[in-house]
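Trainee: Take this sequence and fold it.
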Amino acid sequence: MIDENSSVFFNNIDKDDFFNQENVSPNNKQSFNIQSVDTKISSLKTNNEKREIPDLGRKPFGLMPHKLKLTINVQDSWAEKKARINSNGSIPMIDPKVLSFLGVKSIPETMTLQECLSAEEMVLSQKAVGIGSFGSAYEIISQSRSPLIFKIEKAPKLVPEKKFWRHSDFSPTRLDLPYLVKPLSYLVSVETADGRTERFYLPSSKTKEFGQALPPDAQVKIEGQLMEKAPGANLYRLAMEKTISFFPGGPHFKNIFIALNKFLQESYKHNFIHRDLKPENIIYDPESGTVTIIDTGESSRLRSRGKSDEQIKQGSLSNPLKSTRRQGTRNFMAPTITKGVEYASEVDFFSASMLLLRLICEEDFNSFTKERFPSPITDELVDIAPQNILNFYLEKAGPESTTVKILSNFPQLQTVLNLYFQISAGGSLDAHELSEQAFQELKNFLDSNSLEFLNPLD
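Mentor: Okay, the predicted model is just below:
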């Protein structure tokens, strides 16, 4: 496990010129006063009113420790902002005392990634161990540490300070979801409207406090993540090599089902959408039975189920309850996503069902998905009721197929898969109610049957 104070980060990544004059609305006038050292922001007012900064409160977080009094108007031109900053001298973005307290390190702009790694007696492998739509992962070579992976984000996006804490890449730390890989640290880049840019090495355990310490006009992006390397290989590779059996009655299928189900139960409760559950993103170690779910690049952290609309109106909650993003991997993507309607964390149950069917029989799965997906987005399953999707799959496979024969010997597993598809319904109010009912039915079924349903009838 890496030390929280380890300074692993990288530099020399191209930046978007996010803060330019065209991005500033002429109707968005904001100004703020920055007063003495050890001050804390307690309120933020718009429409040309001042941001009130009273005396230091009780906590060392959320500090704006600027020694000079400074007033900035968002409507000012970019050149005027820079000139005003330069005329007042260099102003630290966050008090070094706060950074030290949090174990956060500021990164010298001149320091390259390899220089930082060398200082920690680590070397970045030149060969990527994984390349995805949102980034590439490289193995860290070190004689004194356990195997590590460093993920470099492909095109990191700036998010406002108020949205920083609910960034999807922080969800593994925030929610502590079982079996989901948890980064040890992040490299973040912070930009402010006055033209300053700083990078920080951020321990994963201090993301919330760091977000509270950011200036209120800050924009943040995650440029890299350091995490432990999961033992084993991804399920796609293991299935292709056929070195182990994924027969439902065997230990490997049970280990994977247990992990997937526990993850889905918790992610459903917290309304976390992984969006890309597939064999390539499940790492399994046959020797230890360890399961690790990776790659949150397409994930979303939505508003937790059960939160009231009144909390949203009061401003205590800002994240939405539903999403309409059409993302995922086509053979594992729920019909709800392809329709472009609102959905939430229930869609991951569809992906899990398809993943388990893929493990049961690759040939039947490939036959179904090739027919189902003549193109990445299809409406073939849109009009099929969720409770009938599994039957539709089995009919396509045929009565003599391996999948039909196996599930006939594991009828309760078939029940679970059917419930998974029902849970994935989402969308309309009626479908949402069906999803909730199926989720509760699944929970009751698993509580009463434990894992006995994974034992064959014979």
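
Trainee: which residues touch the spatially closest residue to V347 that is not a sequence neighbour?
Mentor: Of all residues not flanking V347 in the chain, A334 sits nearest, at 4.0 Å (C-beta to C-beta, 6 or more residues apart in numbering). For every residue, glycine as well, the C-beta is placed using N, CA and C. Neighbour list for A334: G328, Y343, V347, F349, F350, S351, S424, G426 [criterion: C-beta atoms under 8 Å, 6 or more residues apart in numbering].

Trainee: who wins for neighbours among those residues?
Mentor: Most neighbours among the contacts of A334, by other C-beta atoms under 10 Å: F349, with 30 neighbours.

Trainee: average pLDDT across the helix or strand where it lies?
Mentor: Assessed by DSSP states H and E, F349 sits inside helix 347-360. Regarding helix 347-360, the rounded mean pLDDT is 95.

Trainee: and that helix, C-alpha only, in PDB?
Mentor: Output of helix 347-360 as PDB, limited to C-alpha atoms (Å, rounded to 0.1, in the frame of the first residue of the first chain):
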ATOM      1  CA  VAL A 347     -29.100  -0.400 -15.800                       C
ATOM      2  CA  ASP A 348     -26.000  -2.100 -14.400                       C
ATOM      3  CA  PHE A 349     -28.100  -5.200 -13.600                       C
ATOM      4  CA  PHE A 350     -28.700  -5.700 -17.300                       C
ATOM      5  CA  SER A 351     -24.900  -5.500 -17.900                       C
ATOM      6  CA  ALA A 352     -24.300  -8.100 -15.100                       C
ATOM      7  CA  SER A 353     -26.900 -10.400 -16.600                       C
ATOM      8  CA  MET A 354     -25.300 -10.300 -20.000                       C
ATOM      9  CA  LEU A 355     -21.900 -10.800 -18.400                       C
ATOM     10  CA  LEU A 356     -23.000 -13.900 -16.600                       C
ATOM     11  CA  LEU A 357     -24.700 -15.300 -19.700                       C
ATOM     12  CA  ARG A 358     -21.400 -14.700 -21.500                       C
ATOM     13  CA  LEU A 359     -19.600 -16.800 -18.900                       C
ATOM     14  CA  ILE A 360     -22.200 -19.600 -19.100                       C
END
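
Trainee: Give the buried residues for it.
Mentor: 347-360 (16 or more other C-beta atoms under 10 Å).

Trainee: Need the residues you listed in a markdown table (columns: distance to I141).
Mentor: Below are the buried residues of helix 347-360 laid out as a markdown table (distance: C-beta to C-beta, whole Å):
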| residue | distance to I141 |
| --- | --- |
| V347 | 38 |
| D348 | 34 |
| F349 | 39 |
| F350 | 39 |
| S351 | 33 |
| A352 | 34 |
| S353 | 39 |
| M354 | 36 |
| L355 | 32 |
| L356 | 35 |
| L357 | 38 |
| R358 | 33 |
| L359 | 33 |
| I360 | 38 |
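
Trainee: just curious, which of the contacts of A334 is nearest to R237?
Mentor: Nearest to R237 out of these is S351 (C-beta to C-beta; 18.5 Å).

Trainee: wait, that closest one sits on N281?
Mentor: No. Using C-beta atoms under 8 Å, S351 makes no contact with N281, being 9.5 Å away.

Trainee: Neighbours of L446, how many?
Mentor: 16.

Trainee: what sits against it?
Mentor: Applying C-beta under 8 Å, 6+ apart, the residues near L446 are N261, V416.

Trainee: how does it look with 6 Å?
Mentor: When the contact criterion is C-beta atoms under 6 Å, 6 or more residues apart in numbering, L446 has no partners at all.

Trainee: Check E298 too.
Mentor: Residues near E298 by C-beta under 6 Å, 6+ apart: R275, D276, Q327.

Trainee: What is the burial count for the first one?
Mentor: Okay, so that is R275. Neighbour count of R275, defined by other C-beta under 10 Å: 26.

Trainee: my guess is V98 meets P215, correct?
Mentor: No. V98 lies out of contact with P215 (C-beta atoms under 6 Å); the separation is 11.9 Å.

Trainee: Next, show the common contact partners of those two.
Mentor: Joint contacts of V98 and P215 (C-beta under 6 Å, 6+ apart) do not exist.

Trainee: From D348, how far off is P279?
Mentor: Noted for P279: a distance of 15 Å to D348, by C-beta to C-beta, to the nearest Å.

Trainee: Using PDB, write down the CA coordinates of whichever strand or helix holds T292.
Mentor: Per DSSP H and E: T292 is located in strand 290-293. What follows is strand 290-293 as a C-alpha-only set of coordinates in PDB (Å, rounded to 0.1, in the frame of the first residue of the first chain):
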ATOM      1  CA  THR A 290     -10.300 -12.300  -5.600                       C
ATOM      2  CA  VAL A 291     -12.600 -10.200  -7.800                       C
ATOM      3  CA  THR A 292     -11.900  -6.600  -8.700                       C
ATOM      4  CA  ILE A 293     -14.200  -4.300 -10.700                       C
END
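
Trainee: Low-confidence bits of the stretch 201-350 of the chain, can you list those?
Mentor: 304-322, 324 (pLDDT under 70).

Trainee: For it, which segments are assigned as helices?
Mentor: Here the stretch 201-350 of the chain has its helices, by DSSP state H, counting those that start in this stretch, at 207-213, 235-241, 251-270, 309-313, 335-339, 347-360.

Trainee: between those helices, which gets nearest to I149?
Mentor: helix 235-241 (16.1 Å).

Trainee: Report the buried residues of that closest one.
Mentor: L235, L238, A239.

Trainee: Same question for stretch 203-220.
Mentor: Buried positions in stretch 203-220, judged by neighbour count with 16+ other C-beta under 10 Å: 203-204, 206-207, 209-220.

Trainee: Quote the end-to-end distance of it.
Mentor: 15 Å (C-alpha to C-alpha, to the nearest Å).
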